[in-house]
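>>> Requesting a structural model of the entry that follows:
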Amino acid sequence: MIRLKTLVAIVALTAVAVSTSLAQEQPDLGLMGAEMRINQEELQKYSWDSKVTFEVDGVQRRVDTYSARYVMGGMLEKMQTSSDVAKGKIQRPDGSKLKKKELEAARAFALEANGQLDNYLNPLFAEKAVASAGETTDGETMRLKSRDVIKKGDTVEIELVQSSWRPLGVKIKTTIDDSPVDIDVTFGTIDYGPNHPARSVTTTEWQGIKLTIKTENSNYVKQ
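Now for the predicted structure:
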């Protein structure tokens, strides 16, 4: 009888140990989300340089550079410092050329699609994307995937270093006017400062024309 009780006690202790170990392995998504929000709030104290390249059907058409910073209220402000526009007309898949107003409309659509990233990097939405996610791990890499973060049907998949929770990249799938928008972001780290989107690639379509916007951010300086 004593041996049986001892065996039961050992099994119970083993079960508790396994349960505790599994609990420790589960990340605290609420805490991770709060840290992501704090990181994004800290990032708003910096200014940086931004290079934006526009491609139409895989052909580079325009390169703009900006000085960027956040102003009061968390609004992103960009001051254009240069622009290089390729010569020649842009054609539709059927060979017809775009008129000036159509070019302006296509660029406005591309800027709106690219601007979606700023919405997802907003501190509150960044926190929501982490805190509401389901998670998977693969070695030292953790992936968090959430849905309906800003609009119904969107998805946000964040890749992080499991041991430090440092973000490596994020893939966002959303829509504008029923057109799919894919945003692929690679993160960098400021020395003794927050993580930041170092490079992003936004792809979408406007009236059958494939638009790609590549953004490279650098020279982060605390204001």
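>>> Does the residue most central in space within the chain lie in a helix or a strand, and which?
Central residue of the chain (CA atoms, centre = their mean): Val170, 4.3 Å from the mean position. In this assignment (DSSP states H and E), Val170 forms part of strand 167-176.
>>> What is that strand packed up against?
Judged by 3 or more CB pairs under 8 Å, 6 or more residues apart in numbering; DSSP states H and E, the packing partners of strand 167-176 are helix 100-120, strand 155-161, strand 179-189. Yep, even glycine has a C-beta here, placed from its N, CA and C like the rest.
>>> Bridged to the residue nearest to the centre of the chain, which residues?
Ile158, Val185 (DSSP bridges).
>>> Would you mind measuring from it to Gly208?
28 Å (CB to CB, to the nearest Å).
>>> now swap in Glu127 and tell me
37 Å.
>>> And those two? Which one has more around it.
Of the pair Glu127 and Gly208, Glu127 is the one with more neighbours under other CB atoms under 10 Å, namely 21 against 9.
>>> give me every residue that touches the more buried one.
Gly33, Ala34, Met36, Arg37, Gln40 (CB atoms under 8 Å, 6 or more residues apart in numbering).
>>> does the residue lying closest to Thr186 once chain neighbours are set aside have beta-bridge partners, and which?
Among residues not flanking Thr186 along the chain, Arg199 sits closest, at 4.6 Å (CB to CB, 6 or more residues apart in numbering). On the basis of DSSP bridges, Arg199 is bridged to Thr186, Glu216.
>>> Check Lys78 too.
Beta-bridge partners, per DSSP bridges, of Lys78: Ala68.
>>> ok, it to Val181 distance?
As judged by CB to CB, Lys78 and Val181 stand 19 Å apart.
>>> between these two, which one's more packed in?
Taking Lys78 and Val181 together and counting by other CB under 10 Å, Val181 has the greater number of neighbours (22 against 13).
>>> Many thanks, have a good one.
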